[in-house]
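Visitor: Only the shape, not the letters, is given here:
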């Protein structure tokens with residue numbers, strides 16, 4: 001949060017014109033209810049496990065200890081349900097946000113900010129602060145219990161969604177296998193390299209492998225075909241502001257400058273959603289490493305279950321496992337493609353070229369202008385300042401980049417990201433727009449989008465910004 005009174009104010013949960021209004025009243029209760037159901041299901045599964053252990057006999061001392069631990073998990077799960085149910089009631093009834101009881105540094109920081117800007121109630125508070133507060137509160141219920149400390153109440157949803165996207169997974173894995181062979185056996189031309197970078201950015205941006213030219217034509221010789229060009233043009237029409245060329249030139253210049261002296265190029269990904277979106281991100285990552293645009297890629301997941309589907313460190317390794325597991329993706333005819341994709345990821349990880357690094361900062365309420373030498377994100381700044389390109393994925397990361405304030409939508413991106421614009425960090429944000437805050441638009445574009453959205457049969461002209469149908473690709477070189 002910012003104390004600068006010259007800045008626009010934050011979006012509020014009691015603003016009926018904002019997506020914050022239905023989020024706090026409809027989406028959040030639904031999410032909390034799903035957690036309660038998930039924990040209840042795990043409790044029921046644990047009770048069944050206890051019964052099976054008892055049937056096996058309790059004469060064995062180790063077996064008796066196992067039963068006691070399972071019973072402890074059941075009792076702790078009941079506590080979590082009680083706490084989560086109370087949070088749900090507080091939210092629905094617009095009760096005050098209650099400070100955290102723990103002593104962890106980030107919890108004390110939340111309490112400090114709540115005291116500074118509060119008191120707050122759930123249905124009137126600043127949207128982004130209260131949403132982060134809610135997810136951190138939910139996480140604290142689990143971390144307080146010994147048998148649930150690493151439990152992810154969204155894991156089932158993540159796995160189910162990933163499995164449901166199997167056709168896109170098969171297609172992308174197959175096409176990437178073909179492309180990887182060509183990258184290994186052919187000399188890639190500068191123009192092909194540029195176009196492929198755009199293709200993989202598209203895949204990562206939209207998290208949708210079914211409508212991209214890479215999937216219909218992966219020949220390095222034919223990448224410039226009309227079919228590919230038309231698909232790119234269609235995708236680009238929905239990208240409202242596109243700085244990709246600047247980001248590519250910046251990365252390419254670093255690659256060309258370091259090659260003669262043997263220095264390495266590093267790219268970082270601040271991750272968004274697990275499942276297919278992260279799988280699409282890994283295709284981009286493999287391309288960067290296979291094409292030698294990058295020597296090292298570091299991915300930054302969250303360290304607590306966050307905003308339902310965000311990637312955790314375990315989700316990175318789970319992706320490797322799911323791709324290799326014939327019982328997860330069961331269609332045998334695609335097994336070679338999936339194994340080849342997974343093997344490349346595992347090898348890069350084993351070789352230290354694909355690294356996993358997280359930080360408590362990613363699950364704070366702080367906006368990313370705090371990623372600076374004197375900010376709350378100082379530790380993250382110390383790390384990312386050594387990167388040659390930091391890719392921020394998704395809507396939430398973008399909201400934090402531009403501080404989720406009510407900026408005029410023609411506000412320059414570099415203005416909106418504040419101190420991050422001069423932090424020395426090269427920022428590339430890939431965002432499909434799913435929340436109110438948008439910056440960097442040309443004059444008149446906002447009015448055109450509102451008109452188009454109404455003509456599409458929608459009553460709320462502002463809803464285009466919540467739909468996920470449009471996107472932005474924005475870049476800052478960190479120097480001005």
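Guide: That came through, no problem. Predicted model only: the values in this text are computed from it and were never measured.

Visitor: Kindly report the domain assignment for the chain.
Guide: Structural domains annotated on the chain: 20-153, 161-476, as defined by automatic domain parsing.

Visitor: The first one spans what distance, first to last residue?
Guide: In domain 20-153, first residue to last residue: 23 Å (CA to CA, to the nearest Å).

Visitor: What separation is there between the nearest residue to residue 244 once chain neighbours are set aside and residue 128?
Guide: Nearest residue to residue 244, sequence neighbours excluded (CB to CB, 6 or more residues apart in numbering): residue 473, at 4.9 Å. Where C-beta positions appear, they are placed from N, C-alpha and C, glycine not excepted. Distance, residue 473 to residue 128, using CB to CB, to the nearest Å: 22 Å.

Visitor: Repeat that for residue 374.
Guide: 22 Å.

Visitor: Pull out the buried residues from whichever strand or helix holds residue 80.
Guide: Using DSSP states H and E, residue 80 sits in helix 61-92. Neighbour counts over helix 61-92 (16 or more other CB atoms under 10 Å) mark 66-67, 70, 73-74, 76-77, 80-81, 83-84, 87-88, 90-91 as buried.

Visitor: can you check stretch 21-32 too?
Guide: Applying 16+ other CB under 10 Å to stretch 21-32 flags 21, 23, 24, 25, 28, 31, 32 as buried.

Visitor: same thing with stretch 450-468?
Guide: Applying 16+ other CB under 10 Å to stretch 450-468 flags 450, 453, 461, 463, 464, 465, 466 as buried.

Visitor: try stretch 305-325
Guide: 305-312, 315-316, 318-320, 322-324.

Visitor: With stretch 368-377 instead?
Guide: Going by 16+ other CB under 10 Å, stretch 368-377 has these buried residues: 368, 369, 370, 371, 372, 375, 376, 377.

Visitor: could you redo the buried residues of stretch 21-32 as CSV and give each row distance to residue 12?
Guide: Compiled in CSV, the buried residues of stretch 21-32 are given as follows (distance: CB to CB, whole Å):
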residue, distance to residue 12
21, 9
23, 11
24, 10
25, 13
28, 15
31, 20
32, 20
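
Visitor: quick revisit: which of the buried residues of helix 61-92 sits closest to residue 406?
Guide: Of all the buried residues of helix 61-92, residue 406 sits closest to residue 91, with 23.4 Å by CB to CB.

Visitor: didn't the closest one look like it was pressed against residue 33?
Guide: No: the criterion here is CB atoms under 8 Å, and residue 91 misses it with residue 33 at 10.7 Å.

Visitor: starting at the chain centroid, how far to stretch 105-119?
Guide: 25 Å (CA atoms, centre = their mean, to the nearest Å).

Visitor: average model confidence for it?
Guide: Regarding stretch 105-119, the rounded mean pLDDT is 97.

Visitor: Name the residues that touch that stretch?
Guide: 1, 3, 96-97, 99-101, 120, 126, 129, 133, 136, 140, 360, 363-365, 376 (CB atoms under 8 Å, 6 or more residues apart in numbering).

Visitor: mind listing the strands for the protein?
Guide: Using DSSP state E, the strands found in the chain span residues 239-242, 266-270, 296-300, 354-356, 389-393, 427-432, 471-476.

Visitor: Neighbours of residue 344, how many?
Guide: 19 (other CB atoms under 10 Å).

Visitor: how about it, what does it touch?
Guide: 180, 286, 290.

Visitor: where does the closest residue to the first one other than its chain neighbours sit relative to residue 277, distance-wise?
Guide: It stands for residue 180. In space, residue 180 comes closest to residue 290 once its chain neighbours are excluded; the distance is 5.7 Å by CB to CB, 6+ apart. Distance, residue 290 to residue 277, by CB to CB: 20 Å.

Visitor: More neighbours: the two, which one.
Guide: Relative neighbour count places residue 277 above the other of residue 290 and residue 277, with 25 against 18, counting by other CB under 10 Å.

Visitor: Please report how far the closest residue to that one other than its chain neighbours lies from residue 369.
Guide: Spatial nearest neighbour of residue 277, excluding adjacent residues (CB to CB, 6+ apart): residue 207 at 3.7 Å. Separation of residue 207 from residue 369 (CB to CB): 26 Å.

Visitor: And for residue 393?
Guide: In terms of CB to CB, residue 393 sits 18 Å off from residue 369.

Visitor: cool, residue 138 as well?
Guide: 26 Å.
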